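Visitor: pasting the sequence and the predicted coordinates here, then a few questions.
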Amino acid sequence: MSSSSSHTISVKLVLLGEAAVGKSSLVLRFVSNDFQENKEPTIGAAFLTQRCKINDKTIKFEIWDTAGQERFASLAPMYYRNAQSALIVYDITKPQSFIKARHWVKELHEQASKDITIALVGNKLDLASERQITYEEGKTLAEEENLLFYETSAKTGEQVSDVFLGIGNKIPDPSLQKSQ
Ligand code: GDP
């Protein structure tokens, strides 16, 4: 973790999850408060930053939307290494995407930094009538694996900023940490 000033904490955040679960859409909603129906898939690496104020700290999220793309799966460790936080996203209407989310949880616990903050995110809450993964299934996985848990809709914006605020809240302020 690095701090560019005493008040700004830079936080590297990686997005993981099956293709088309809405990873880029969640970022677009968070960064630009926008949504694109039938969005073109992200090609190559996408990197965005967004600042937000949480209590008395300013968090500068450095968001990497690449590692979760299937064809870059073998490169994923390059992206999540040194990440302070990760969003593992699934689509509540797609059971396969929940299986994939479990896979990412396991991989991060084995390979990522021990103090990484992970949020499990069930997206497309606006499609709740087509839901295949219950709230309880998501919540249970999150509790078992010590993850934050949210259900979101990038389309309506529901709960999207809460995900980032929740992550930001859990990130320790380096200026408050004693050197060891
Ligand atoms: P990614 O591959 O995980 O980055 O997924 P995208 O962000 O590209 O989204 C894939 C498709 O799902 C696009 O057509 C989006 O418009 C759509 N989408 C993303 N989030 C939502 C959502 O919350 N609700 C609905 N109904 N569609 C969504």
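Guide: In hand now; what should we look at?
Visitor: drop to CA atoms for contacts and neighbour counts, all remaining ones
Guide: Will do.
Visitor: can you tell me, leaving aside adjacent residues, what's nearest to Leu125?
Guide: Ser153 (4.9 Å; Cα to Cα, 6 or more residues apart in numbering).
Visitor: that neighbour contacts Asn123, doesn't it?
Guide: Yes: using Cα atoms under 8 Å, Ser153 is in contact with Asn123, at 5.4 Å.
Visitor: go through the lengthiest helix in the chain and flag the buried ones.
Guide: In the chain, assigned by DSSP state H, the helix with the most residues is helix 95-111. Neighbour counts over helix 95-111 (16 or more other Cα atoms under 10 Å) mark 97-98, 100-102, 104-105, 108 as buried.
Visitor: mind checking the SS state of the residue nearest to Leu125?
Guide: coil (DSSP: H, G, I helix; E, B strand; the rest coil).
Visitor: hang on, the earlier thing: closest one of the buried residues of helix 95-111 to Gln84?
Guide: Proximity of those to Gln84, judged by Cα to Cα, is greatest for Leu108, which lies at 11.4 Å.
Visitor: any idea how many residues pack against the residue lying closest to Gln36 once chain neighbours are set aside?
Guide: Spatially, and ignoring its direct neighbours in sequence, Gln36 is nearest to Ser25 (7.4 Å; Cα to Cα, 6+ apart). Counted with other Cα atoms under 10 Å, residues neighbouring Ser25 total 23.
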